[in-house]
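*Asks:* Generate coordinates for the sequence data below:
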Amino acid sequence: MFGFTHGWVPVFNPSSIQMKNCQLGLEFPKWLKNQKKLSSMTLSGAAISDTMRDWLWEMSQQLRTVNLSENQMVGKLPRFLDFGSQAIVNLASNRLEGSFPLWSNVNQLSLKDYLLSGPVPANVNRRMSALKYLDVLNNSLSGDLPSSVSRLKNLVYLDLSNNALSGDIYAGWTVMPKLKILDLSKNNFSGHIPCQMCSLLPSLEWLKLSTNSISGELHSCSLNCTRLYTLDLGKNRLHGIIPQWTEESLNSLSELILWSNSFSGRIPEQLCNSLKLHVLDLANNDLFGVIPRCLGNMAGMKSSGPYYKLPPEFRSFYSGEASS
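*Replies:* Prediction:
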């Protein structure tokens, strides 16, 4: 067992510290202040409830990995910081507050379960061009989603769910060639899903837009995403018939969540042609007619195995739960 007093000063000068779920005490360890060679620091789940120290922020340029998640640290989040190249920063599940930070050289950033407020900055693409993963779910971000977010050309993973964002959900977006996971659920977005969605997001695998105010019809032309495994549009204001998929796009689909909209007409038998469809939720719509008998013979519905696994690099970020 590794134990030390609060005033302990180490005789070593490590480049990496990894401590997970070790009870370090309520105050931030003072001995870290003098670690001049430190480039990787993990103190997650350490029961620290202290105020974040200025000297820690001053270490940012030497740090390439910072994981202080699952603590109760308080204080103000700096607006501008420079980290080491391709830095991974995980400060999730703390009580720090402030506006959306603009931290340069950050490759992965998780600030979920936080006290962030205000808008997403319009210059986020210029200040944080290296971003590959961005996770800021469960905060109080507000205002429109600026089109500059779609200019983060390296972005693979984007989770802005459970905030207070609003405005047209696809206003001014440009092509995001690498984006695989997009979760904008539980906000106040409006507008419609454009026909060019799949050309804007050609690598998309996971799309979750549930619990917003998205309206209009869901057109077949917006569903030709050949890599899409999960489509969750539940609890919106969509109407019209459930559209037809192309055979190629239908064969990749594992989850189709359309509950609590105003879809009308019959359940399309074309869904029975899917080889992988495992979750189908059409509850609380205006559908009529008989349920197609062929739904009971779908291969994906009969399988007890995993119908889709998130890529390993996403699993620490995203739980992948469908709305219900």
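
*Asks:* what's the neighbour count on the closest residue to E217 other than its chain neighbours?
*Replies:* With sequence-adjacent residues excluded and distances taken as CB to CB, 6 or more residues apart in numbering, E217 is closest to G240, at 3.7 Å. C-beta here means a position set from N, CA and C on the backbone, and glycine is covered the same way. By the criterion of other CB atoms under 10 Å, G240 has 14 neighbours.

*Asks:* likewise L282?
*Replies:* 18.

*Asks:* In this structure it contacts I242, no?
*Replies:* Yes: L282 lies in contact with I242 (CB atoms under 8 Å); the separation is 7.5 Å.

*Asks:* Common neighbours of these two, please.
*Replies:* L258, F263, I267 (CB atoms under 8 Å, 6 or more residues apart in numbering).

*Asks:* Once you drop chain neighbours, what's closest to the second one?
*Replies:* Beyond its immediate neighbours in the sequence, the residue positioned closest to F263 (CB to CB, 6+ apart) is N285, lying 4.2 Å away.

*Asks:* Could you report the pLDDT at the one you found?
*Replies:* pLDDT, N285: 97.

*Asks:* any chance you could read off phi and psi for the residue positioned nearest the centre of the chain?
*Replies:* With distances taken as CA atoms, centre = their mean, the chain has D159 as the residue nearest its mean C-alpha position (2.1 Å). Backbone torsions of D159, given as degrees, to the nearest 10, read phi -130, psi 110.

*Asks:* got it, and the one 5 residues further on?
*Replies:* Per-residue torsions, A164: phi -120, psi 40 (degrees, to the nearest 10).

*Asks:* who touches the residue nearest to it when sequence neighbours are not counted in this structure?
*Replies:* Nearest non-adjacent residue to A164, counting by CB to CB, 6+ apart: S142, 4.5 Å away. Listed by CB under 8 Å, 6+ apart, the contact set of S142 reads S117, G118, P119, N163, A164, L165, S166.

*Asks:* how about the last one, what does it touch?
*Replies:* It refers to S166. S142, G143, D144, N187, N188, F189, S190.

*Asks:* Nearest to L277 among those residues?
*Replies:* F189 (26.0 Å; CB to CB).

*Asks:* Run through the residues that contact the closest one.
*Replies:* Contacts of F189 (CB under 8 Å, 6+ apart): L145, L165, S166, G167, D168, I169, L209, N212, S213, I214.

*Asks:* From those residues, list the buried ones, please.
*Replies:* L145, L165, S166, G167, I169, L209, N212, I214 (16 or more other CB atoms under 10 Å).

*Asks:* Tell me the one of those residues nearest S274?
*Replies:* L209 (20.5 Å).

*Asks:* Looking at that closest one now. What's its pLDDT?
*Replies:* Reported pLDDT for L209: 97.

*Asks:* measure it to S40 for me?
*Replies:* From L209 across to S40, the span is 36 Å (CB to CB, to the nearest Å).

*Asks:* got it, and I267?
*Replies:* Per CB to CB, I267 is found 52 Å from S40.

*Asks:* who has more neighbours, those two?
*Replies:* Higher neighbour count among I267 and S40: I267, with 20 against 17, using other CB under 10 Å.

*Asks:* Looks like the more buried one contacts P292 (just checking).
*Replies:* Yes: taking CB under 8 Å as the definition, I267 is a contact partner of P292 at 5.8 Å.

*Asks:* Who are the contact partners of L256?
*Replies:* Per CB under 8 Å, 6+ apart, neighbours of L256: L231, L271, L277, V279, L280, D281.
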